[in-house]
Each structure stands twice: as C-alpha cells, then as structure tokens.
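*Asks:* coordinates only, no sequence provided:
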C-alpha cells in the first residue's frame, strides 16, 4: 500500500459510458454574490443616502483643513485656517467667511470642525480596526477550538462585560498617560480595550455556526489542516459579519471619544477633536450656542449614518434573502 | 355535483425578476368522500395550487389572475377575507409539511385545538376541551386527557403531525388538503399517518386532496391522481388507470426513475434508472408550446411539440392527458435523442 | 437479531464493535455529565473491495454517525475500524491524513456541502492542493477532466455554487470526492435532497463511476428503494444497533428481524393493486409486535 500516487492523481481508466449520462447543463443563473448584495443595498434609500453623507463628511474633514495652503483655489478658503487666532473675530456669527462661525479665539469653526473630524474619525477607524483584529482573533480561536477553552474564554468575556464602559476607558487612559496629556494613541487603545467584547462574541457565534457546515467537514475529510480550514473556509465566510461590525462599532467609539474629550478626560484643546471643540463651546453656549451645537451635530450625523449603513449592509448581506433553491 | 371544482385556475407571482406563472390554467374536481392526489416535483406549482384554494397565497407578490374555485357552488376566489375565514378551518382544512414549525411552540396543544373550535362554533370552553380530548384520542395520541396540556416540544414529529390532523378535523371539515404531510417523517411513521388519514377520511366522509412528490404515497392512498409539471396538469386519471396505463411521457419517465423495491437482485443492481435530461422550464418565460418538449424523448424536430401547446384531452374515459405523444398512440415510434 | 458476523480477512473495511456516545450534560455553572445518548451501540460489519454496502435506517438510527466515525470525522468512543489493513482509531495525525486519500465522502445537502465563497474549480481542486499533488496547471487540467467525468460542463470552473441547481451541485460534490482517486466513498444520503428525476441521474452516475473506477461504496440512506438499487449487501440499523445484515435478496425478500419487516411493510410501493394487501400486512405486524412500530413506540 505504499505506492506513491502523487503523479497518478486521476483515475486512469477512460470512462466509456458517462457520455450517455445527460450532461448537467448550463448554470441556472449568472450572478455574483457581491453584485447581488450591491443591488440590494442600492434599493435601501436610507442606506444609500447615509453612505453618501458619510463620504461627504469624510471628504470634508480630509480636504478642508489643508485648503488654505493651496493658493488660488478660492480666495475665501485661504481664511479657513483652523489655527489662525484672531480675537477680533471672536464669536463672529455665521457669514460667508465663517460658515460655521468662530470660537472664542476667533478660530474659524468650518475648518476647525473639519480638522477635529480628522482626529475623531481617525480614532474611530483605528479603534474599530483594532477591535476587529482582536475580536476576530479571540472569537475565532474560541469558536474554532470549542470545548473547555471556549468555555473559559467566554466566561472571561462575561466577566469583562460587567465592567462599565466609560469608567473602564477613563481608567485605562489614566493608566497609560499618568502625566495627564492624553494622546490620540492612548484614546485608541483605551477605547479598543473597553469595547472589543461584542465583536469577539459575534465572530465566535458565526464561527460556531459555520463550523457545522458540511463544506467544513468536507475539508476535514480531505485532510485539510486546521489553519487552512480557518483561513480558507471560516474566515472568508465571516466577511459579511465583519463589514457590518465595522459600522456598528464605529458609532460607539466616536461617541466614546467625544464624551471623554467633552468632560475633559480625553483629547484636550488646543488639539481639535469634535469632543474637545464641544468642550470649548460649553463656556459660552448660552450666548453663542453654535459653538457647542455644531460639533455635536457632526457627531450625531456621523453616528446616524453609520447606523443606517450597518442596517443596509445587514439586509444586503442577509443569507436568508439569497436564493434557497 | 363535485364538492370542489377548480376551473382554469391561474396564480401568478409578480416579482422583480418578472411574472412567475406558477399555476397556469389548471382544472380538476374532487368528489365527496374521495381522495385526489396531486403529484409533481419541486417548482411544479402543486403547493401554490393548495394555497390558492385556501386563499393563503401571499397577496403581494402573488395573485389569482384567473379561473374559479367552486366549493359547494361558491367561488372562493371572490370571497372577502372575512368570509374566507369562515370557510377555512370550518369547511376546508389544511395540514402542512413541517410539523416542527406548524404548531405554535408557546401554546399548549389543547389551546391550539380549542381555539380553532371556538372560532367557528358557539360552544363553551368545557365543551371545546371535551371535544379536543376526543379528537386527540381519535388521532391516536395515547393518554389524551393528560397530554392535552402539553406543549408541542414534548411531542415527536409524528405525534405533532397527529395533533395537526386533530386541529384540522376539529370542526368536521368537508374537505381536507394535506400538503406533503409525511415528507418530513420517517417511513414507518409515514405509513401510520397515511393509514390514519385514510381511516379518518372514511369515517368522517371527508374529501381529501393529498399533495406530494412521492408516487408510492399516491398509489397507496389516492382514488384519483393528477400529475403536474411546470404549472400545468399534464395527466389525470384514477389511480389504477394511471399506474397501469401511463400516457404522458413525463409520467412514464417519473415511474421509470423510481428505484424498485421488489424484484430480482441481479436485474435491479444492473439496471439503469430512467433519467430525465435537463431541468423544468423557467416559469417567468414558459415555452409557448409543450412545456415538456425540451426534455421529452419523443418530441421530434418537425412535429407540433415546439409550436403548438397541447391541450388536455380525454384519451380514454376518465383519463385526461396533455401531450402530442401519448403512449397508446406511440406504437413503433422511435425515440429521438434529445440532449 | 440475525447478524452476519463472518469477518473476511480480505475485506477493505472492517468495523468491529463500533460505539459512539454523546454525553448529556446538565448544569448551569459547572456542566456535569449525567448520561449518554448511544448513537452507535456496538456495530460490526465488513465491506469487501468493489462492492456496495447499503446502510439503511430511519432518523436516529445512527447510520450517518457510523459513516462519520469510519471516516474519523467524529472520534468513536470505542471499537475498531480497519481500513486497508490499518487500524484507523490509533493512527497518528500524519498517517491518518495520508489514509484520507483513500476514503472520501459525498454529503446529503448540495447547498451546504460546497463553500459558497469558493469557485467550482477551487472546490474540486482543494483535495489536490491539500496533498500537494501536481502543479497549478496540471491541477486545472485534472479538475476539468473530473468535471467532465461527472457530466458537469468544465467551462464553468470560475462560477460559484449558488449559480447551479441541486443536481449540478451534487455532481460537483462527486467530482470532489473522486479527486484523490480513493478506494472507498461514503455516500451519506447523496440523493435525499433531490427530485426523483434528478435522483435517477445521480444514481446512474454513481453506478457508472463504480464500474469504471472500481470504487467501493458505503451507501447510507433512509430510502429503501434507493438502497436496493445501489447495494450488493445491506445492513439495517435501528437505534444504534445493527439488526440485520445480508445480501440484498436475503434482506428484502426474507427479512428475519421484526424491525426490518415493519420497515419494509411501511414503504409505499407505486402500485395501487398492492395497497390493500400492504395495509393488511402493516396491520398484522402492528398487532403482532407489542411496541407497535419500528422505533419502539407509537410516534
């Protein structure tokens, strides 16, 4: 039985009768899973509008703060300098020169909110990405191995759920920056540590469900090793869940950062983040509410859009609405 | 007069991908006390037919676009939802395929039976409960008086189907429609349920429509059989006549595709089953002519099969068939190979 | 119980006293094992090279679990499984991996047995990749030939499973099972999810392949007629135990076990002339047997 069959993988006998068997015929429908999902997503008006607004906000944050450096684009734009302090312009009110008014120091808010957005959204995506990585590693290990390890890992997770989110994040920032100056990276780490649990649990659930599928058994029957099964069969099939998870975690992180900065335990002025700008606005909100209101509106809009996008993605990728045969 | 008469029923599904002509002009009748079997493979429209009779098709996207369903002379397709609710459960009852999902898991089975009774008959709770226990007994649930207060999860698949039958019978309907009632059950349980249905039908003088894909099941239980393919009835006859003299090429092929249970070992082992090449047609754009032509071994390139839609005609008394090449007219015809 | 216990030394597969227990765990914080469900309870049979052994039983009989134990997809609780002279239950991981090339499986559900994110070509090529057989180009060629053999158009290797019907997907599954040129293929209800006319196509295909490539099948099914048409010998299982084994003729025409008799009497036969006598047969069996029916209870 020690014949090395490496070269003779295919049975040698030439089949003689299979040609009389009716050929299976053409594919019954030609479509791409992603195309189908795209089409379904496009049908959801709220989701499409949210995606557009989301992109607009990101572009706004990305482009506006740098515009004043580019000569000749639009003469007024050169005034949108988030850092140009000009006390004569303090609380100037809405005008073409300052579409979002100015703050206490006369800094233009249109540019400042954009710059703050860079920080807030960057923290949001960075933390979300970190949450995904940790969540996938933890969840897929737990779900894939199962048994006592899974039990233990999940009980540990349950214990962590008991910790209150914001205090936990605050404590982490204080531990990481005892000097009191909270950097962007500290925020990212703190928010990640405080909120990776849900994603881990979701990924674990998905892996456990997928593990039961016959195609996983088929891979085992063929002799595939565990890392191949995980990498080629399980994780690609969790992509849908992960994409949705991104847009579900993002709002939480952005709000978390905003709140912490607002109460002074996060990003502090003069560094702009939406939360810190709002903190600035607290002082004079009775007389000049726009300074508080505008960054909050930005946060709320982003969060709302992310939620609608997540909803739209969930409907688009829902396996139940795919063909069942 | 027949108890149920369906004339030229057409039910279409209006979907984004087009109009699916799921049921496209079928007619049949069911006499009091008899069983009609509707046989076909998946997608042929048999379940949609049953749901159309009961008025249970999902109103968007489906719609009965033509024909009539005469129950005791009344056209059910013209009734309002309120009037239909009067008929459902009371005059016409239905049991479904999956006993696991047809019962409400949060209600005791006693409640599910009595609620049906009290929806149609003016009786007290006590009387309804008494009747429920009688019914459970009749369908063969042991210790009915105790089990009436159990929840569905305490019953096995076969028992749950018996409970479903009890619910269906609770108001003594004149017609029972059973949609694949035993497909999800083991074969020994299937036999019990089918024998039970037959016995109950005789005792209550009920008519029954049995929908299934299993030719063996219709042979054992049905008086008359209709074969459906691609939304149309392609053959209809009484059970003995159909099995002894199948006329439609599809019926022949179906019978030939069945693996034999009895016979000589060597023969069975060596034999090849009749395989029908290809797939049923797309019901969004069904063929203008014979819907089976593309897969039929007898359709030639120069006959009417691809140009004219064959009509249902009586080839023998009581035996209808929709084809240009029925078996009895086919002596000496050569099979043409259809890829 | 009439079991054929002759154990041929030349058998390709030899299963002896196979048992698989699933523990019943209760408890909220600490789970304690309070008992076990004996899915497979002492099963022994042999399969000779080139033959088809049909394993028949209703749901809960343990037939699929037996198949998975043989393939070592589930670890048996106890018992011996000798395949091509090697004891599978004590084999090391790498050796077992090599043995897997000789035993493959075709699954029941054509919708769940193919990874929806992989193309048809990659699905069929996977066994070859896993064992490092050939180069990418030679594998592509092999995949094309395999698909042709099973009657699937080889030009569709870049399509995804969801674009095909149940019967077509099952053909892909068959191609995958053939890829490593195994000696034994466990067919786990391969046609149960298909329409009758498609069933016939796949059964004919399996018969052809057996003849052309000298395959040995363990054919698991609940459908007695399907098992009859495919099998040389038949083993009947009930609640984890093997209740009867014999040649197809023996088992079907002269069943010795009560459960087997009840099982055959219950199968609906497509012949209305026989219905009255079969109903009487079932009634007689019900009266004779105290438990009332196959699974030991009125269900």
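*Replies:* Alright, I've got the coordinates. A quick note: this is a predicted structure, and the numbers were derived from the prediction, not measured. Numbering: from 1, shown residues only, chains lettered A, B, ... in the order given.
*Asks:* which residues are in contact with residue A:165?
*Replies:* A:194-195, A:256 (CB atoms under 8 Å, 6 or more residues apart in numbering or on different chains). Backbone N, C-alpha and C define where each C-beta goes, glycine included.
*Asks:* ok, 10 Å please
*Replies:* A:191, A:194-195, A:197, A:252, A:256 (CB atoms under 10 Å, 6 or more residues apart in numbering or on different chains).
*Asks:* is chain A within reach of the top helix by length along chain C?
*Replies:* Determined from DSSP state H, the single longest helix within chain C is helix C:196-213. Yes: applying CB under 10 Å from any CB of the partner chain, one finds helix C:196-213 in contact with chain A at C:197-198, C:200-202, C:204-205, C:207-209, C:211-213.
*Asks:* what comes up buried for the lowest-mean-pLDDT helix or strand in chain C?
*Replies:* In chain C, the helix or strand scored least confidently by mean pLDDT, DSSP states H and E is helix C:275-288, which has a mean of 82. Buried residues in helix C:275-288, counting neighbours by 16 or more other CB atoms under 10 Å in any protein chain shown, are found at C:275, C:278-279, C:281-282, C:285-286.
*Asks:* quick one: those as JSON lines, columns for distance to chain A too.
*Replies:* Formatted as JSON lines, these follow (distance: CB to the nearest CB, whole Å):
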{"residue": "C:275", "distance to chain A": "33"}
{"residue": "C:278", "distance to chain A": "33"}
{"residue": "C:279", "distance to chain A": "36"}
{"residue": "C:281", "distance to chain A": "37"}
{"residue": "C:282", "distance to chain A": "35"}
{"residue": "C:285", "distance to chain A": "36"}
{"residue": "C:286", "distance to chain A": "37"}
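*Asks:* so residue 285, which state does it fall into?
*Replies:* By default, I'm working from chain A. coil (DSSP: H, G, I helix; E, B strand; the rest coil).
*Asks:* sorry, I should have been clearer: chain B.
*Replies:* Reduced to three states by three-state DSSP, residue B:285 is coil.
*Asks:* what sits against the nearest residue to it once chain neighbours are set aside?
*Replies:* Distances taken as CB to CB, 6 or more residues apart in numbering or on different chains place residue B:18 nearest to residue B:285, at 7.4 Å, with adjacent residues excluded. Contacts for residue B:18 (CB under 10 Å, 6+ apart) come out as B:282-285.
*Asks:* from the stretch 201-339 of chain B, which residue is nearest to chain A?
*Replies:* Here the stretch 201-339 of chain B gets closest to chain A at one residue, residue B:277, 3.2 Å apart by CB to the nearest CB.
*Asks:* read off the pLDDT value for that residue.
*Replies:* pLDDT, residue B:277: 83.
*Asks:* just to revisit the earlier point, what bridges to the residue nearest to residue B:285?
*Replies:* residue B:15 (DSSP bridges).
*Asks:* how far away is the residue in the stretch 201-339 of chain B positioned nearest to chain C from residue C:274?
*Replies:* In the stretch 201-339 of chain B, the residue that lies nearest chain C is residue B:216 (3.1 Å; CB to the nearest CB). Counting by CB to CB, to the nearest Å, the gap from residue B:216 to residue C:274 is 10 Å.
*Asks:* which of those two has more neighbours?
*Replies:* Using other CB atoms under 10 Å in any protein chain shown, the more surrounded residue of residue B:216 and residue C:274 is residue B:216, with 19 against 15.
*Asks:* before we move on, back to that, farthest-separated two in the residues of helix C:196-213 next to chain A?
*Replies:* Using CB to CB, the residues of helix C:196-213 next to chain A span at most 25.2 Å, a distance reached by C:197 and C:213.
*Asks:* what's the longest strand in chain C?
*Replies:* strand C:32-47 (DSSP state E).
*Asks:* for that one, buried residues please.
*Replies:* Result for strand C:32-47 [16+ other CB under 10 Å]: buried residues C:38-41, C:43-47.
*Asks:* excluding covalently adjacent residues, which one is nearest to residue B:189?
*Replies:* residue B:158 (3.7 Å).
*Asks:* helix, strand, or coil at the one you found?
*Replies:* Per three-state DSSP, residue B:158 ends up helix.
*Asks:* shouldn't it be in contact with residue B:185?
*Replies:* Yes: between residue B:158 and residue B:185 there is a contact under CB atoms under 10 Å: 5.6 Å.
*Asks:* show me the contacts for the residue sitting nearest the centre point of chain B.
*Replies:* Nearest to the mean C-alpha position of chain B, by CA atoms, centre = their mean, lies residue B:211 at 1.9 Å. Applying CB under 10 Å, 6+ apart to residue B:211 gives the contacts B:36-40, B:46-47, B:49-50, B:94, B:97, B:177-181, B:183, B:218, B:226, B:228.
*Asks:* please redo it, this time with the cut-off set to 8 Å
*Replies:* B:37-38, B:46-47, B:49-50, B:177-180.
*Asks:* repeat for residue B:64
*Replies:* Neighbours of residue B:64 in contact, by CB under 8 Å, 6+ apart: B:9-11, B:52, B:57, B:77.
*Asks:* among the residues you listed, which one sits closest to chain A?
*Replies:* residue B:57 (18.2 Å).
*Asks:* quick revisit: where does the residue of the stretch 201-339 of chain B closest to chain A land in three-state SS?
*Replies:* coil.
*Asks:* just the strands in chain A please.
*Replies:* So, for chain A - with DSSP E - there are no strands.
*Asks:* which parts of it are helices?
*Replies:* A:33-43, A:45-67, A:109-145, A:147-161, A:165-176, A:184-195, A:197-211, A:214-222, A:226-228, A:239-262, A:274-282, A:290-317.
*Asks:* one step back: are any of the residues of helix C:196-213 next to chain A buried, and which?
*Replies:* Here, 16+ other CB under 10 Å leaves C:197-198, C:200-202, C:204-205, C:207-209, C:212-213 buried among those.
*Asks:* got any residues that touch both of residue B:158 and residue B:185?
*Replies:* With CB under 8 Å, 6+ apart as the test, residue B:158 and residue B:185 both reach B:99, B:193.
*Asks:* do I have it right that residue A:228 meets residue A:222?
*Replies:* No: here residue A:228 does not reach residue A:222: they are 9.7 Å apart, not a contact under CB atoms under 8 Å.
*Asks:* remind me which residues of the stretch 101-250 of chain A are low pLDDT?
*Replies:* A:180 (pLDDT under 70).
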